[in-house]
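Novice: here's my sequence, what's the structure:
(2 chains)
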Amino acid sequence: MTNPSATPNLQVQLGRLTLPNPILVASGTFGYAREMEGIVDLSLLGGIVPKTITTEMRVGNAPHRTVETSSGLLNSIGLDNDGIDAFISHHLPYLSKQSAPLIVSIAGSSADDYVSLASRLAEQGGIDALELNISCPNVAHGVDFGSNPALCEQVVRGVRNSCDIPVLAKLTPNVTSVVEIADGAAQGGADAVCLTNTLLGMAIDWKKRQPILGNDVGGLSGPAIKPVSLRCVFQVARAVDVPIIGIGGIANLDDVMQFLVAGASAVQIGTANYYDPTISMKLIEQLPEALNTLGVSTVTEVVGTVTSNKS
Amino acid sequence: MSTDHCENPLHADYYADTSVHHSAEVIENVQVAEGTWRVRFRCPEMASKCKPGQFIMLKITDRDDPLIGRPLAVFEITPDEHGVPTDLDAVYLVKGNLTTRLVDVRAGQTLDVWGPLGNGFLPQPTRHLIMVAGGIGQTPFVTLAKEYLGLANYGRDCPQADKVTLCYGARNEGLLAGVETFEAVPGLDVRLCTDDGSLGHHGLVTDVLKQVLEDDKQAHGSNEGVRVVCCGPEPMMEAVAAVSKSWEVACQVSLETPMACGIGICFTCVTKVLQDDGSWDYKRTCVEGPVFDASKIVWH
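Specialist: Residues are numbered from 1 along each chain as shown, chains lettered A, B, ... in the order given. Okay, here's the model as predicted:
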């Protein structure tokens, strides 16, 4: 019998990656972490995923870059970043000295590009995992590797073989079968899959007969997409033998617990960082009590414990 | 600046590292002009850090519609009876999803607030500070006027100006908000104008600015030491920047771009800013602005 008053063990294992707790912050929603150092205690985070980097700098898409929708936010930032050289010289020294695990998000234009980005980063040291962003809807070819199981397997395997850092694949929900893509990632040797990136959507100013976003279309995030991401986690957890990080509209502890029991070993907080900048701290503080409620002493004990009403 | 910097421009090293995030009790929320309200909330930690030209992000506690916070400029930093900064005021135009709900918030309710944010106006030696405001763009200028007139100290030293002028324009008299607050600032020269002539000069705020510049030149032989600061609708800021350029006076603009976080993490609020090599890059208005040298802005 578990002692409900004991402090639960929050540590989680995803393939070769060990995290001190399952509350991470999602790429593109936390800058390069330094922006947040005055607002949150970075050392408490289960992991930091800075904004996606590319080989060359990208100015990103024209404004408007975000627009609020019902319970959600559409964005078309367009991977605005200064490129890997600037990341290594400017951001990595700060990020790698943080005690929280550092998971660097990369986006390439080809399988070789992913491999060379990974190799460059692996040389630097101080990086705990790579997250392959094969699911950005806001750049040309951003989802190519995330919408074809064979290509997904190829790019994951390429990166996996090129370095010793754990590899995560961040997948798009904008596919017919996310299970097939996740299986491709698992076949390629992914330590975990991150489910999911944003849902493709748009907003229109009908009086101007014009899309609101500068890129016409963008990715929907926030509480509006949580049921979709949760469904993806549930489906993949039951079909593919690969650890999962849940992402999508997580805004409170109930959301976190739903993703864990659905099959996610950890979660990433995204859009909620924008409108509740200390949300990650609150969730880390509240998590032990929720685990006590279930009478478990480790996070791992609840992962994937949901039962189907159909079985 | 190194060559590397020009070839691969880095975003500036500005972070919201003095910001705090907490609930703030509303002290009062009152209408001050047509469709324009002033909300005062208690936040001593934030108030003690706040500098002229900074802003805060605001969300109504426990309301998920709107989901995303909204940026509001700080209008006043109010001290308690011991002179310790305690409350912040924001003046807002009721026009969107947040502001239409904000008018219903009563004293005693709480707001989720994070800030102070942005770089505000940095103190610079100035003989004559000319503040040019349009519409709701007057909000950063009460504290700035007080600082340059030596009437308030916001935790930093600021060289005093010999003269501070406010040129403030709106579509009509009813939309001019907070005029009595400005007129109550001792030594501040307030010049008003309206598009329809219902109050002050009948015409554009740039007409008023040109007259102030002309008067200054007549009195001093040149406009040396004049600094223009500007906040308002973008076409008006562009026009003020052009006037300042032709009169060869320094001009800074405080931009108001749509924001989703206010703290530099979402990259929504970007604006085109000229680099040293003549190219432009998108800069985040929230952490790299909102105050920019007007000559660096690529106007749309």
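Novice: going forward, measure contacts and count neighbours with C-alpha atoms only.
Specialist: OK.
Novice: residues of stretch A:61-71 that come out buried?
Specialist: Neighbour-count burial for stretch A:61-71, counted by 16 or more other Cα atoms under 10 Å in any protein chain shown, picks out A:61, A:62, A:63, A:64, A:65, A:66, A:67, A:68, A:69, A:71.
Novice: between these, which is closest to residue A:45?
Specialist: Nearest to residue A:45 among the buried residues of stretch A:61-71, counting by Cα to Cα, is residue A:71 at 25.4 Å.
Novice: who's in contact with the residue nearest to the closest one when sequence neighbours are not counted?
Specialist: Of all residues not flanking residue A:71 in the chain, residue A:224 sits nearest, at 5.1 Å (Cα to Cα, 6 or more residues apart in numbering or on different chains). Residues near residue A:224 by Cα atoms under 8 Å, 6 or more residues apart in numbering or on different chains: A:70, A:71, A:72, A:249.
Novice: between these, which is closest to chain B?
Specialist: Of all the contacts of residue A:224, residue A:71 has the smallest distance to chain B: 6.1 Å, by Cα to the nearest Cα.
Novice: okay, that closest one: pLDDT?
Specialist: Residue A:71 carries a pLDDT value of 96.
Novice: please name the residues that touch it.
Specialist: A:222, A:223, A:224, B:64, B:65, B:66, B:67.
Novice: what number of residues lie near the second one?
Specialist: Residues lying near residue A:223 (other Cα atoms under 10 Å in any protein chain shown) number 22.
Novice: and the closest residue to it other than its chain neighbours, how far is that from residue A:30?
Specialist: Once flanking residues are discounted, residue A:223 sits nearest to residue A:249: 3.9 Å by Cα to Cα, 6+ apart. Taking Cα to Cα, to the nearest Å as the measure, residue A:249 falls 15 Å from residue A:30.
Novice: of the two, give the one with the bigger neighbour count.
Specialist: residue A:249 (29 against 26).
Novice: quick check: the gap between the closest residue to chain B within the stretch 201-311 of chain A and residue B:210.
Specialist: Closest contact between the stretch 201-311 of chain A and chain B, by Cα to the nearest Cα, is at residue A:274 (4.5 Å). The gap separating residue A:274 from residue B:210 is 41 Å, by Cα to Cα.
Novice: next: residue A:131.
Specialist: For residue A:131 relative to residue B:210 (Cα to Cα), the value is 56 Å.
Novice: which positions in chain A make contact with chain B?
Specialist: Residues of chain A that fall close to chain B, judged by Cα under 8 Å from any Cα of the partner chain: A:28-32, A:34-39, A:57, A:59, A:63-66, A:68, A:70-72, A:77, A:80, A:82, A:86, A:273-275, A:277-278.
Novice: and the contacts of the longest strand anywhere in chain B?
Specialist: What stands out as the longest strand in chain B, according to DSSP state E, is strand B:20-33. Residues from elsewhere that reach strand B:20-33, judged by Cα under 8 Å, 6+ apart: A:38-39, A:277-278, B:37-43, B:45-46, B:61, B:103, B:105-116, B:174-178.
Novice: the residues you listed in helices, which ones?
Specialist: Residues of these located in helices (DSSP state H): B:45, B:46.
Novice: where does the prediction get shaky in chain B?
Specialist: B:1-14 (pLDDT under 70).
Novice: residue numbers of it in contact with chain A?
Specialist: B:8-11, B:14-21, B:59, B:64-69, B:258, B:260-270, B:281-282.
Novice: which among those count as buried?
Specialist: Buried, going by 16+ other Cα under 10 Å: B:9-11, B:14-21, B:59, B:65-69, B:258, B:260-270, B:281-282, out of these.
Novice: can you give me the strands in the stretch 151-300 of chain B?
Specialist: B:163-170, B:188-194, B:201-202, B:226-231, B:250-254, B:270-274, B:280-284, B:291-293 (DSSP state E, counting those that start in this stretch).
Novice: tell me the strands beside the third one, with direction?
Specialist: Read it as strand B:201-202. Here strand B:201-202 is paired, per DSSP bridges, with strand B:188-194 (parallel).
Novice: contacts for the partner strand?
Specialist: B:145, B:149, B:163-173, B:182-183, B:199-205, B:208.
Novice: okay, buried residues for that strand please.
Specialist: Within strand B:188-194, judged by 16+ other Cα under 10 Å, the buried ones are B:188, B:189, B:191, B:192, B:193, B:194.
Novice: put the alpha carbons of that strand into PDB.
Specialist: As requested, the backbone C-alpha atoms of strand B:188-194 are provided in PDB (Å, rounded to 0.1, in the frame of the first residue of the first chain):
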ATOM      1  CA  LEU B 188       4.300  70.800 -18.800                       C
ATOM      2  CA  ASP B 189       3.200  72.700 -21.900                       C
ATOM      3  CA  VAL B 190       0.100  71.000 -23.200                       C
ATOM      4  CA  ARG B 191      -0.900  71.600 -26.900                       C
ATOM      5  CA  LEU B 192      -4.100  69.900 -28.000                       C
ATOM      6  CA  CYS B 193      -5.500  69.400 -31.500                       C
ATOM      7  CA  THR B 194      -8.500  67.600 -33.000                       C
END
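Novice: what segments of the stretch 1-150 of chain A are strands?
Specialist: Using DSSP E, counting those that start in this stretch, strands in the stretch 1-150 of chain A cover A:12-14, A:17-19, A:23-25, A:47-48, A:66-69, A:72-75, A:103-106, A:129-133.
Novice: which other residues reach the third one?
Specialist: Contacts with strand A:23-25, where a contact means Cα under 8 Å, 6+ apart, come from A:45-49, A:266-270, A:280, A:283-284.
Novice: what is the nearest of the residues you listed to residue B:286?
Specialist: Closest to residue B:286, out of all of these and judged by Cα to Cα, is residue A:270, at 18.9 Å.
Novice: so who does the closest one touch?
Specialist: A:25, A:26, A:27, A:28, A:29, A:30, A:221, A:222, A:247, A:248, A:249, A:250.
Novice: any chance of those residues in TSV, with pLDDT too?
Specialist: Formatted as TSV, the contacts of residue A:270 follow (pLDDT from 0 to 100):
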residue	pLDDT
A:25	98
A:26	98
A:27	98
A:28	97
A:29	98
A:30	97
A:221	98
A:222	98
A:247	98
A:248	98
A:249	98
A:250	98
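Novice: out of the contacts of strand A:23-25, which one sits closest to residue A:112?
Specialist: Closest to residue A:112, out of all of the contacts of strand A:23-25 and judged by Cα to Cα, is residue A:49, at 22.2 Å.
Novice: give me the neighbour count for that closest one.
Specialist: 25.
Novice: repeat for residue B:96
Specialist: Other residues close to residue B:96 by other Cα under 10 Å number 11.
Novice: need phi/psi at it.
Specialist: phi -120, psi -170 (degrees, to the nearest 10).
Novice: on that earlier part again, to residue B:126, which of the strands of the stretch 1-150 of chain A lies closest?
Specialist: That would be strand A:66-69 among the strands of the stretch 1-150 of chain A, by Cα to Cα, at 38.0 Å.
Novice: quick check, residue A:163 in contact with residue A:118.
Specialist: Yes: between residue A:163 and residue A:118 there is a contact under Cα atoms under 8 Å: 7.0 Å.
Novice: tell me the secondary structure at residue B:53.
Specialist: coil (DSSP: H, G, I helix; E, B strand; the rest coil).
Novice: that one touches residue B:121, doesn't it?
Specialist: Yes: Residue B:53 lies in contact with residue B:121 (Cα under 8 Å); the separation is 5.4 Å.
Novice: who's in contact with the closest residue to residue B:248 other than its chain neighbours?
Specialist: Sequence neighbours aside, residue B:223 is the residue nearest to residue B:248 in space, at 8.0 Å (criterion: Cα to Cα, 6+ apart). Residues near residue B:223 by Cα under 8 Å, 6+ apart: B:213, B:216, B:217, B:247, B:248, B:249.
Novice: at 7 Å what do you get?
Specialist: B:216, B:217, B:249 (Cα atoms under 7 Å, 6 or more residues apart in numbering or on different chains).
Novice: same check on residue B:19?
Specialist: So residue B:19 contacts A:38, A:39, B:114, B:115, B:116, B:117 (Cα under 7 Å, 6+ apart).
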